[in-house]
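K.L.:
turn this into a structure:
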Amino acid sequence: MSGLVQLNAVGVRFGGVQALQGVNLRVAAGERLALVGANGSGKSTLLRVLHGLVAPTRGSVLRDSAARQAMVFQRPHMLRLSALNNVALGLWIRGTGWKQAREFASLALGRVGLGDAASRNAQTLSGGQQQRLALARAWSLGPDLLFLDEPTSSLDPHAKREVEALMAEFAQGGTTLVFASHNLGQVKRLATRVVYLEQGRVLADLPAQDFFNSSLLGATSREADLFLKGELA
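P.N.:
This next block holds a predicted model:
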């Protein structure tokens, strides 16, 4: 295998629903891979398979066993603890001493601009702050590969810009990103590669500049081209 994670002919079925079908995908180090497609296309399921939260019904998943992974969910769960302890707890569970975990958690909060909110109950933070806190929790674990499921879908424009800036910073620091997004502007700003899914199948897998080139995209997938133009039924 050449890459951090590779899917070979992966299928996932939930009861009578075929969520993924015959997916072949390889994620290489340093990529910023965006998953796009309509609701129900399989983006979230694919992220969970890549991260190991969902086992494939068919096919195989190969991983670089040395690569550390983390995931930020669309609506991250906040523990009924301070922002600082929300970060420190994950480090402590991984085996870091509590004092050191809190020290590193403080650094992580500063990294995402939440140093002043360290003592606040995480559940009282705004949506944008909670999303940045979720990013701090993930970043504190030092992931080589970070998965994000619609990380800015429910945020106001200012909060979206803040989260996008953090994603870009993490990528520049060497973290490989795989993120699902409905925001094509965000995809254009952040992604180096775009995968288009429809009904659980990968119909296009292109460098970002080619995905946003209608003539090249249309030659690859008519469905993806219609989606990009907002004309998909």
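K.L.:
nearest residue to the one residue sitting closest to the centre of the chain other than its sequence neighbours?
P.N.:
The centre of the chain sits closest to residue 148, judged by C-alpha atoms, centre = their mean, with a distance of 1.7 Å. Taking C-beta to C-beta, 6 or more residues apart in numbering, and ignoring the residues beside it in sequence, residue 148 has residue 179 as its nearest neighbour in space, at 4.0 Å. C-betas here are computed from N, CA, C, even on glycine.
K.L.:
quick check, pLDDT for that neighbour.
P.N.:
Looking at residue 179, its pLDDT reads 98.
K.L.:
so it touches residue 27, yeah?
P.N.:
No - the pair residue 179 and residue 27 does not pass the contact test of C-beta atoms under 8 Å, sitting 11.6 Å apart.
K.L.:
overlap in contacts of the two?
P.N.:
Taking C-beta atoms under 8 Å, 6 or more residues apart in numbering as the contact criterion, the residues that touch both residue 179 and residue 27 are residue 33.
K.L.:
what distance do you get for the residue of the chain most remote from its centre to residue 11?
P.N.:
Relative to the mean C-alpha coordinate of the chain, counting by C-alpha atoms, centre = their mean, the farthest residue is residue 99 (29.6 Å). With the distance defined as C-beta to C-beta, to the nearest Å, residue 99 ends up 47 Å from residue 11.
K.L.:
same question for residue 202.
P.N.:
With distances taken as C-beta to C-beta, residue 202 is found 12 Å from residue 11.
K.L.:
which residues do these two both contact?
P.N.:
If you check residue 202 and residue 11 against C-beta under 8 Å, 6+ apart, the residues they both contact are residue 23.
K.L.:
now for the lowest-mean-pLDDT helix or strand in the chain, which elements pack on it?
P.N.:
Across the helices and strands of the chain, mean confidence by mean pLDDT, DSSP states H and E is lowest for helix 214-220: a mean of 79. Judged by 3 or more C-beta pairs under 8 Å, 6 or more residues apart in numbering; DSSP states H and E, helix 214-220 is in contact with strand 201-207, helix 208-211, helix 222-228.
K.L.:
circling back to that earlier point, more crowded one of residue 202 and residue 11?
P.N.:
residue 202 (24 against 18; other C-beta atoms under 10 Å).
K.L.:
wait, isn't that one in contact with residue 194?
P.N.:
No - applying C-beta under 8 Å as the test, residue 202 and residue 194 come out as separate, 10.8 Å apart.
K.L.:
got a list of contacts for the longest helix anywhere in the chain?
P.N.:
Ranked by residue count and defined by DSSP state H, the top helix of the chain is helix 157-172. Applying C-beta under 8 Å, 6+ apart, the contact partners of helix 157-172 are 32, 112-113, 126-129, 131-132, 135, 139, 146, 148, 151-152, 155, 177, 179, 183, 186, 189-190.
K.L.:
many thanks, we can stop here.
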